[in-house]
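Take a look and give me a structure for this.
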Amino acid sequence: MLIRRLKILLKPLSNPHLRLIVTESTQNQLSNPSNPANSMTPINQSTLLKVCTILYQQQNSPNSRFHSSLSSFNYSFDPEFFLQVCNTFPYSWRPVYRFFLYTQTVPHFTHNSVTSNKMLDVIGKSRNIDLFWETCQEMGKLGLINDKTFRIVLKTLALSRELKKCLRFFHLMNEFGVGYNLETLNKVVESLCKDKLVEEAKFVVLKLKEWVEPNGVTYKWLIWGFCNVSDLIEASKIWNLMVDEGFEPHVEVVETMIVAF
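As a prediction, the model looks like this:
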């Protein structure tokens, strides 16, 4: 039954036209072809199936047995392979996380922002907030944070109503050298509003005001977000706040309000 389920999940990847899977990490490799560590290699589907089977069956096994089983493969695991493992278990954090820890012991395997964000996303979808927060901090220490990380983190924490942690993440990343940035904030607000988490987005914007001053774009997304959830009273309040702070309404904002009313 397990093998059948895994084969179904992996079936789209067996298409010969899709063997060389182009993911975000592959795009990064193409942009830096001079780096030998970034050379693309086709994913061996048979090996992927066998590895995923072991990850599922032995997800609760002792490390010694788990590592021994994976080490028996005469295969050079790389970031692309790791991403495909993540795609096989999109909502099951334990098999992926244990493979993540194993790959940290593999010579010449180095995780980057793409693989770390993928791992973070899998953990976030499982709502394992303690492990999620621990992984966030580790990524910050390693300098693997980018705008996508912020979007993943804020969405996960907002969905879990961990609003204080939403703010703490910005402050923590600042301590790790990722300074407060309006562009990053706006991308986060846009992402939250599109996921109908506009109340959480508003909370973050107002509480971070001392460190990141919102601009017209910030307010544009908040207004759009409240209109999108049919909260016209709150949309009007944000409109008034935007005007009071001297920002000219964007054409899109005006159109949004006209349509909403």
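
low pLDDT regions in the protein?
Within the chain, the stretches with pLDDT under 70 are 1-42, 260.

Distance check, the residue nearest the centre of it against residue 120.
Nearest to the geometric centre of the chain sits residue 152, at 3.7 Å (Cα atoms, centre = their mean). From residue 152 across to residue 120, the span is 5 Å (Cβ to Cβ, to the nearest Å). C-beta: built from backbone N, CA, C; applies to glycine.

And for residue 157?
From residue 157 over to residue 120 (counting by Cβ to Cβ), the distance is 12 Å.

repeat for residue 97
Distance, residue 97 to residue 120, by Cβ to Cβ: 10 Å.

who's more crowded, those two?
Just comparing residue 97 and residue 120: by other Cβ atoms under 10 Å the higher neighbour count belongs to residue 120, 23 against 20.

Next one: the more buried one from residue 158, what distance?
Noted for residue 120: a distance of 15 Å to residue 158, by Cβ to Cβ.

Kindly report the same for residue 79.
28 Å.

and the nearest residue to residue 140 once chain neighbours are set aside, how many neighbours?
In space, and not counting its chain neighbours, residue 140 is closest to residue 176: 3.8 Å by Cβ to Cβ, 6 or more residues apart in numbering. Number of residues near residue 176 (other Cβ under 10 Å) recorded here: 15.

Strands along the stretch 51-200 of the chain, start to end?
Shown for the stretch 51-200 of the chain, no strands are assigned by DSSP state E, counting those that start in this stretch.

Just the helices from it, written as ranges.
With helices called from DSSP state H, counting those that start in this stretch, the stretch 51-200 of the chain shows them at 63-71, 79-88, 93-103, 113-125, 129-142, 147-159, 163-175, 182-194, 198-207.

buried stuff in the second one?
Neighbour counts over helix 79-88 (16 or more other Cβ atoms under 10 Å) mark 79-88 as buried.

Kindly report the same for the longest one.
Along helix 129-142, these residues count as buried under the neighbour rule (16+ other Cβ under 10 Å): 132-133, 135-136, 139-140.

Tabulate those in JSON lines, adding columns for distance to residue 215.
As requested, the buried residues of helix 129-142 are arranged in JSON lines below (distance: Cβ to Cβ, whole Å):
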{"residue": "132", "distance to residue 215": "30"}
{"residue": "133", "distance to residue 215": "29"}
{"residue": "135", "distance to residue 215": "31"}
{"residue": "136", "distance to residue 215": "26"}
{"residue": "139", "distance to residue 215": "28"}
{"residue": "140", "distance to residue 215": "26"}
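
Just the closest of the residues you listed to residue 52, please.
Distances from residue 52 to the buried residues of helix 129-142, taken as Cβ to Cβ, are shortest for residue 135 (21.0 Å).

and the closest one, how far is that from residue 192?
Distance of residue 135 to residue 192, given as Cβ to Cβ: 20 Å.

returning to that earlier point: name the nearest of the buried residues of helix 129-142 relative to residue 205.
Nearest to residue 205 among these, counting by Cβ to Cβ, is residue 136 at 20.3 Å.

What separation is there between the closest one and residue 67?
As defined by Cβ to Cβ, residue 136 lies at a distance of 26 Å from residue 67.

got the phi/psi numbers for the closest residue to residue 181 other than its chain neighbours?
Excluding the flanking residues, the one nearest residue 181 by Cβ to Cβ, 6+ apart is residue 212, at 7.2 Å. Residue 212 adopts backbone torsions of phi -130, psi 110, taken as degrees, to the nearest 10.
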